[in-house]
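1. sequence plus the predicted model coming up.
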Amino acid sequence: MAQRASSAAAWLAKTALTTALTAALIVPASAHATDALADFLQQQGLVAPTSAPLETAAPSHSIDPGTDPAAAASATDTVRPLHSSLVVHALGFLGVPYQLGGESAEEGFDCSGFVQAAFRQVMGLQLPRIARDQARATQSIARSELAPGDLVFFNTLGRRYSHVGIYIGERRFVHSPRSGSSVRIERMDVRYWATRFNGARRVSAYLPAAPEPAPVPAELLAQR
């Protein structure tokens with residue numbers, strides 16, 4: 001409990017900075033978004049991401065809820081400044097403890113709960129609750145196409161898409177790893193993650209919001 005309280009206090013201490021940066025990032029100018037994200041990562045002692053340019057065009061038409069995710073992504077431009085806001089927001093959760101079934105900074109996160117909360121809070125999108133379902137709901141992209149805000153999946157339980165994190169650039173991702181740990185940044189090129197990596201996927205900014213799901217049974221969360 002003491003460790004969780006300390007982690008929660010650390011998270012709250014970052015909230016003001018994260019909120020200000022997130023607000024600054026939600027702008028139509030991609031260069032400004034890039035600079036704000038770079039500044040944030042530098043303040044955290046990280047190398048600024050340079051993996052892909054940010055796009056600025058955001059078409060006004062909506063995507064039919066029945067549209068395949070890959071088709072939706074190809075029919076629209078990805079809103080990269082908003083994805084940069086997502087990364088900054090996700091980094092604001094650094095230090096929040098892992099909690100199986102957790103979906104908030106107050107109670108803690110598991111890997112898919114962390115991803116779901118970040119996308120819901122910043123982009124208003126309701127991703128599925130389980131990591132493998134998040135993979136199915138998003139567009140597959142090549143590893144070389146990864147940009148900040150994309151999802152990276154790993155085989156950590158002997159099956160595909162059993163773990164998920166948010167890519168932040170420069171071969172780094174942020175995630176909620178396991179029991180006894182907390183939200184943190186890792187490198188994808190270290191042996192453990194490199195040998196377990198099994199997919200990069202992109203969330204369309206036009207993914208239709210889903211209704212709040214029913215609670216997921218504990219046995220399914222254990223298989224996230």
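-> Alright, I've got the coordinates.
2. who are the contact partners of Asn155?
-> Tyr161, Ser162, His163, Arg196, Asn198 (CB atoms under 8 Å, 6 or more residues apart in numbering). Heads up, the C-betas are built off the backbone N, CA and C, glycines and all.
3. measure how buried the second one is and give me the count.
-> Pointing back at Ser162 there. If you count neighbours by other CB atoms under 10 Å, Ser162 ends up with 21.
4. then the fourth one?
-> Residues contacting Arg196 under the criterion other CB under 10 Å number 15.
5. and if you look at the first one?
-> A count of nearby residues for Tyr161, using other CB under 10 Å, gives 23.
6. same check, this time on Glu103
-> Using other CB under 10 Å, Glu103 has 18 neighbouring residues.
7. residue contacts, it?
-> Phe109, Gly113, Gln116, Ala117.
8. nearest spatial neighbour of the second one, skipping sequence neighbours?
-> On the basis of CB to CB, 6 or more residues apart in numbering, the spatially nearest residue to Gly113 that is not a chain neighbour turns out to be Glu103, at 4.2 Å.
9. what of the third one?
-> The shortest distance from Gln116 to any residue that is not its chain neighbour, by CB to CB, 6+ apart, is 4.9 Å, and that residue is Leu127.
10. check contacts around that neighbour.
-> Counting by CB under 8 Å, 6+ apart, Leu127 makes contact with Val115, Gln116, Phe119, Arg120, Gln134, Ala137, Thr138, Val203, Leu207.
11. swap in 10 Å and give it another go.
-> Going by CB atoms under 10 Å, 6 or more residues apart in numbering, Leu127 touches 112, 115-120, 133-134, 137-138, 151, 164, 203, 207, 209-210.
12. tell me the SS of it?
-> Put simply, Leu127 is coil when judged by DSSP: H, G, I helix; E, B strand; the rest coil.
13. what about it, distance to Glu170?
-> Between Leu127 and Glu170 the distance is 24 Å, computed by CB to CB, to the nearest Å.
14. kindly report the same for Asp189.
-> Relative to Glu170, and taking CB to CB, Asp189 is found at 10 Å.
15. ok, those two, which is more surrounded?
-> Glu170 (16 against 11).
16. which residues in the chain form helices?
-> Secondary structure of the chain, counting by DSSP state H: helices at 2-25, 30-43, 69-75, 80-91, 111-123, 131-136, 191-196, 218-221.
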